[in-house]
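> just a sequence and a predicted model for now, questions to come.
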Amino acid sequence: MTSSGRERDVVGPDALARRRRTLYARSDTYRYTHCSGGWVVIRIDSRGRETSMVFDIDRFTKTSVRVHWDDLDFEEFRRNPLPPESLRTLRYMCDVEYHTVCYLRDMLVTPSQGDGEVNAFMTMWNREEFWHGEALAEILGIHGVTVDYSDLKDKRQRLGWRDRLSPVKQAVLANIVGRDFVAVHMIWGAANEWSAVAAYKRLAALEGHPVLAVLLKRIAAQEARHVAFYATQARERLARSSKVQKLARVALKKVWGPVGSGIMSEEEVTHVMGHLFSGPEGRKEIVTIDNHIAKLPGMAGLRIFQDALDARGIAA
Ligand SMILES: [Fe+2]
Ligand SMILES: [Fe+2]
């Protein structure tokens, strides 16, 4: 416990071991589990509900690596190339991954950047997303589709004032809202990372390409660690006040759009969502994401992903 009596959220491996012994000795209201992101602590409330998890940020920063594909035979894409609709989806994913640095830039002008744990995570997160972009760009390159930073720069220039104003707008809004903004940032991130996991898994399954499937599963595993961070943070922060919950709910309902919708054309957004999530199997994934979000404090009944598909006429 800290001097204020509140437990610290950051748990390193040694501290975790000490803490595990202390907590087990003290009560049975904590459970420890191991996931791909490291150890997480789940707090159980008096009614037996899981109320929070503690993401092991120390472990995350120590184990964060770029996604590897050197051992994969990318020549397989020459023998067994991907079809145009999958290349179009991959191109979208690649652009979004490379665009992460802009999300980071926007975050740096908000109260989120004052939080040490958030800063540590975002540093590693940005690097991992960059390498996702590099891996996808290499596959696209084999198919004759060139993606590089100058393309992205062009795209940002076409966005013009919208992109230039983005950090300013975010700074003004975030600083008016104050610390509550961090909770909105975290639930927003959780929604996007949940969709990233689902999107990569769906593309791997739909395509059934032996090499693509391995790479996408590796990327999805890293996205799952991102989910663990954002969802843990969102759960903790939302639980603190109903005012924050209302703010986050309004933000998701009125402002949120599928990841990439702010930078890609609506035509591309509809292609990707339709390609990955149309039909019963795709809809099942989307309902699962909505259910994850609805379980966060104050978010019951939200169905932002299903609404996004319905608004684009993507059939279940
Ligand atoms: Fe990613
Ligand atoms: Fe991610």
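Sure thing, it's come through. Numbering: from 1, shown residues only. Ligands and ions are numbered 1, 2, ... in the order given.
> ligand 2 contacts on the protein?
Within the chain, the positions near ligand 2 by Cβ under 5 Å from the ion are Glu193, Ala196, Glu223, His226. (Each C-beta comes from the backbone N, C-alpha and C, glycine too.)
> so which strand or helix has the first one?
Using DSSP states H and E, the element containing Glu193 is helix 180-207.
> how about the residues of the chain next to ligand 2 in JSON lines, adding pLDDT?
Below are the residues of the chain next to ligand 2 laid out as JSON lines (pLDDT from 0 to 100):
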{"residue": "Glu193", "pLDDT": "95"}
{"residue": "Ala196", "pLDDT": "97"}
{"residue": "Glu223", "pLDDT": "95"}
{"residue": "His226", "pLDDT": "94"}
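> farthest pair within those residues?
In the residues of the chain next to ligand 2, two members sit farther apart than any others by Cβ to Cβ. They are Ala196 and His226, at 7.4 Å.
> could you give the angle of the following helix or strand past the helix holding Glu193 to helix 180-207?
Remark: after helix 180-207, the chain's next helix or strand is helix 210-239, criterion DSSP H and E. On the basis of axes from the mean of the first three to the mean of the last three Cα atoms, to 10 degrees, helix 210-239 is oriented at 160 degrees to helix 180-207.
> mind giving me the domain ranges of the protein?
Annotated domains of the chain cover 13-60, 64-311 [automatic domain parsing].
> on that earlier part again, from the chain's centre, how far out does the helix holding Glu193 sit?
In terms of Cα atoms, centre = their mean, to the nearest Å, the centre of helix 180-207 is found 4 Å from the chain centre.
> likewise stretch 77-89?
Stretch 77-89 has its average C-alpha position 25 Å from the chain's average C-alpha position, going by Cα atoms, centre = their mean.
> contact partners for the residue lying closest to Asp73 once chain neighbours are set aside?
Spatial nearest neighbour of Asp73, chain neighbours left out: Val211 (6.1 Å); criterion: Cβ to Cβ, 6 or more residues apart in numbering. Residues near Val211 by Cβ atoms under 8 Å, 6 or more residues apart in numbering: Leu72, Asp73, Phe74, Glu76, Phe77.
> quick one, what contacts the residue nearest to Ile187 when sequence neighbours are not counted?
For Ile187, ignoring the flanking residues on the chain, the nearest one in space by Cβ to Cβ, 6+ apart is Ala234 at 4.1 Å. Ala234 makes contacts with Ala183, Met186, Ile187, Gly189, Ala190, Ala248, Leu296, as judged by Cβ under 8 Å, 6+ apart.
> measure Ala234 to ligand 2 for me?
15 Å (Cβ to the ion, to the nearest Å).
> for ligand 1, state which of the contacts of Ala234 is nearest.
Gly189 (11.7 Å; Cβ to the ion).
> my read is that Asp180 contacts Lys246, right?
No - look at Asp180 against Lys246 with Cβ atoms under 8 Å: they stay out of range, at 9.7 Å.
> good, wrapping up.
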